[in-house]
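**Q** Compute the structure for the input listed below.
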Amino acid sequence: MAQDRSIRLIRAPGTDAPGVFAIDTKKESSFYVFHEIPCAIGGRGFAVHRLGLSDLYHVRIGSRSECSCECLGFLANGNCKHILGLLALAEHGLI
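**A** Numbering: from 1, shown residues only. Just a heads-up that it's a prediction; the model follows:
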């Protein structure tokens, strides 16, 4: 069972600055810098970098068939916290 998570938009992305969001669990908060990138194959593309780590993920959100991520969670399970978080921010009109 997936652990309970929530996402917070710390700073919305601007034309000249990336955005920042946090994914919170009961145990920790992980902070991510992100910005939207062109996506020619459908959906919206984002470059997402977890602060403090060198991991950079390219995440695509949109319809279920358009969602993808380069993280191990998505590769193993077909879904991940990066997709779910960005979808939630987009559905609330925050990005």
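**Q** Longest helix of this structure, counting residues only.
**A** Of all the elements of type helix in the chain, the one with the most residues (DSSP state H) is helix 81-91.
**Q** how far does that helix sit from the chain's center?
**A** Here the centre of helix 81-91 is set off from its chain's centre by 6 Å, with Cα atoms, centre = their mean, to the nearest Å.
**Q** Go through it and flag the buried ones.
**A** Neighbour-count burial for helix 81-91 flags 81-89 (criterion: 16 or more other Cβ atoms under 10 Å). The C-beta positions use only the backbone N, C-alpha and C, and glycine is treated the same way.
**Q** Okay, and Leu9 sits in which element?
**A** Secondary structure assignment for Leu9, by DSSP states H and E: strand 6-11.
**Q** Pull out the CA atoms of the helix or strand just after that strand and give them to me as PDB.
**A** Heading C-terminal from strand 6-11, the first helix or strand you meet, by DSSP H and E, is strand 19-24. C-alpha atoms of strand 19-24 as PDB (Å, rounded to 0.1, in the frame of the first residue of the first chain):
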ATOM      1  CA  GLY A  19       9.200  26.500  -9.600                       C
ATOM      2  CA  VAL A  20       9.600  24.600  -6.300                       C
ATOM      3  CA  PHE A  21       7.300  22.000  -4.800                       C
ATOM      4  CA  ALA A  22       7.500  19.700  -1.800                       C
ATOM      5  CA  ILE A  23       6.200  16.100  -1.400                       C
ATOM      6  CA  ASP A  24       5.400  15.500   2.200                       C
END
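**Q** got the angle between strand 19-24 and strand 6-11?
**A** 160 degrees (axes from the mean of the first three to the mean of the last three Cα atoms, to 10 degrees).
**Q** Check which strands are paired with strand 19-24 and give the direction for each one.
**A** strand 6-11 (antiparallel), strand 29-37 (antiparallel) (DSSP bridges).
**Q** And for the shortest one, what's in contact with it?
**A** Where contact means Cβ atoms under 8 Å, 6 or more residues apart in numbering, the residues beyond strand 6-11 that reach it are 17, 19-24, 31, 84-85, 88-89, 94-95.
**Q** Fine, thanks again, bye for now.
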